[in-house]
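**Q** Below: sequence and its predicted model.
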Amino acid sequence: MTAEPPHCPRPAEALAGASGGPPQRLVGLLCPGTPRAGRTGGIGTSLGNLLAELGASAPDIAPLLLDTRGDGHIARSPLFLARAALRIAASARRLALLHVNMSGHGSAARKTVLINLAAALRIPMLVQLHGADFDAFYRGLPAPARAVLRRTLARADHVVVLGEHWRRFVIEELALPPGRVSVVANGVPAPAPAPRPAGPPRLLFLGRLEPRKGVAELIDALGTPALRARDWLATLAGDGDPAPYMAQAERLGIGDRLSFPGWLGPEPVAQLLRAAHLLLLPSYAEALPMAVIEALAHGVPVVTTPVGALPDYLQHERSVLFVPPGGVPALASAIERLLEEAALQATLAEGGRAAFARHFDIAAVAAQFAGLYRSIASARGR
């Protein structure tokens, strides 16, 4: 759920520099699809934000977007992979760097092909690891496949991860030197402040409707007697099949208070965040969820689980309320507490905005990536 991607200059445009200025560094960014409106998940959202900010604040960097999967059916992905490989080969002498975005499963297979191609062409590389389960994916591979993935990632000049859990993982299990590993958060733009609308409290879930996100547990919590007795409305926005969750809500007697608008583009999501009183994301596993970061930016109090990199950046009862994954009574209690305690809502809104400013503002995140691009390219003389 992000903005339309900015214009990505052709290699000739990039090397000429803007308005006759100094030559730019051409940076190829590998993305699984077009980074628009969330169809590529967290990778696409974070990359779309990064592209827009680099265009605004890093005139010496010219991004070249390389779609490695496509937005349609997975069966078409080999065509996009082949086209990305051809574009990398054609631009090899002009590329200062490749920024490779990798998660598990099919993404790892596609990026393994491209990383080894880029290594053969002596193109510098920054690899950014995504995905809630990349470590579990790696451990589940057969030993020969683990060895291939280790050798592939060792070819990167630098590896970026989202939190300390993954930093330890790539150092201890993938045997990467600590000096070649950095932690950089996902980033979103800072929105303009907006007052909350009057009326019943509006509760918001943003994400795919699936078990990993704890959707069934969220609906169970909203259906507890204490919360059924309160006045609220909830929106669960995201792709996935809403039918079982709608039926669950009907059984609990709250079907008329929940809406399932499906997948939404950037402006409708921003409107929901401006109107929301709470964001609820009781996931079992995450990397660094964009929904939480966007809520913090909008000053929306967040109830979520201490999974992935979230505990690296957020503090319980200061910038977020953490509840255990799968803990329906704890989740219901946290929601009820926030609906009752205006002071706690204000504390979390203020603490969340402060955490956003410290860690997740895209201007600071883009500056970190731009610094890594320049350092890696300069070290290789590109």
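**A** Great, that's in hand.
**Q** Nearest the geometric middle of the chain, what residue?
**A** The residue lying closest to the centre of the chain (Cα atoms, centre = their mean) is Gly42, at 3.1 Å.
**Q** what are the ranges of the strands in the chain?
**A** Per DSSP state E, the chain carries strands over the ranges 25-31, 61-67, 95-102, 125-129, 158-161, 181-183, 202-206, 233-237, 258-259, 278-281, 302-304, 321-322.
**Q** Just put those strands in JSON lines and tack on distance to Arg374 and mean pLDDT.
**A** Heads up, the C-betas are built off the backbone N, CA and C, glycines and all. Compiled in JSON lines, the strands of the chain are given as follows (distance: least, Cβ to Cβ, whole Å; pLDDT from 0 to 100):
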{"stretch": "strand 25-31", "distance to Arg374": "7", "mean pLDDT": "93"}
{"stretch": "strand 61-67", "distance to Arg374": "8", "mean pLDDT": "93"}
{"stretch": "strand 95-102", "distance to Arg374": "9", "mean pLDDT": "96"}
{"stretch": "strand 125-129", "distance to Arg374": "11", "mean pLDDT": "97"}
{"stretch": "strand 158-161", "distance to Arg374": "12", "mean pLDDT": "98"}
{"stretch": "strand 181-183", "distance to Arg374": "14", "mean pLDDT": "98"}
{"stretch": "strand 202-206", "distance to Arg374": "34", "mean pLDDT": "98"}
{"stretch": "strand 233-237", "distance to Arg374": "38", "mean pLDDT": "98"}
{"stretch": "strand 258-259", "distance to Arg374": "46", "mean pLDDT": "98"}
{"stretch": "strand 278-281", "distance to Arg374": "35", "mean pLDDT": "98"}
{"stretch": "strand 302-304", "distance to Arg374": "34", "mean pLDDT": "98"}
{"stretch": "strand 321-322", "distance to Arg374": "37", "mean pLDDT": "98"}
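**Q** Could you dump those strands into TSV and include distance to Ala349?
**A** Below are the strands of the chain laid out as TSV (distance: least, Cβ to Cβ, whole Å):
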stretch	distance to Ala349
strand 25-31	32
strand 61-67	34
strand 95-102	31
strand 125-129	30
strand 158-161	29
strand 181-183	26
strand 202-206	14
strand 233-237	19
strand 258-259	23
strand 278-281	10
strand 302-304	9
strand 321-322	12
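**Q** Select, out of those strands, the one closest to Leu47.
**A** strand 25-31 (5.1 Å; Cβ to Cβ).
**Q** contacts for the closest one?
**A** Strand 25-31 has contacts (Cβ atoms under 8 Å, 6 or more residues apart in numbering) with 11, 14-15, 40, 43-44, 47, 50-51, 60-68, 84, 87-88, 91, 94-101, 111, 114, 373-374, 377, 382.
**Q** and if you look at stretch 82-101?
**A** Under Cβ under 8 Å, 6+ apart, the answer for stretch 82-101 is 11, 14-15, 25-32, 43, 47, 64, 66-68, 107, 111, 113-115, 117-118, 121-128, 130, 156, 369, 373, 376-377, 382.
**Q** Ala276 and Leu203 touch, don't they?
**A** Yes. Applying Cβ atoms under 8 Å as the test, Ala276 and Leu203 come out as touching, 7.2 Å apart.
**Q** hey, what's in contact with both of these two?
**A** In contact with both Ala276 and Leu203: Thr235, using Cβ under 8 Å, 6+ apart.
**Q** Just the buried ones among the contacts of strand 25-31, please.
**A** Listed as buried from the contacts of strand 25-31 are 11, 14, 40, 43-44, 47, 50-51, 60-68, 84, 87-88, 91, 94-101, 111, 114, 373-374, 377, 382; burial here means 16 or more other Cβ atoms under 10 Å.
**Q** Can you measure across stretch 285-293, start residue to end residue?
**A** Using Cα to Cα, to the nearest Å, the end-to-end distance of stretch 285-293 comes to 16 Å.
**Q** quick check: mean pLDDT across it?
**A** Throughout stretch 285-293, pLDDT has a mean value of 95.
**Q** Show me how far that stretch is from its chain's centre.
**A** In this view, stretch 285-293 has its centroid 6 Å away from the chain centroid, taken as Cα atoms, centre = their mean, to the nearest Å.
**Q** From the rest of the structure, what touches that stretch?
**A** 1-2, 42, 45-46, 130-134, 162-163, 166, 185-188, 205-207, 212, 279, 281, 283, 302, 304-305, 307-310, 313-314, 320, 325, 356, 360.
**Q** Report the buried residues of that stretch.
**A** In terms of neighbour count (16+ other Cβ under 10 Å), stretch 285-293 has its buried residues at Glu286, Ala287, Leu288, Pro289, Met290, Ala291, Val292, Ile293.
**Q** again, but for stretch 124-139
**A** Neighbour count says stretch 124-139 has 124-135, 137-138 buried, by 16+ other Cβ under 10 Å.
**Q** before we move on, what about stretch 341-361?
**A** Leu344, Gln345, Leu348, Ala349, Gly351, Gly352, Arg353, Ala355, Phe356, His359, Phe360, Asp361.
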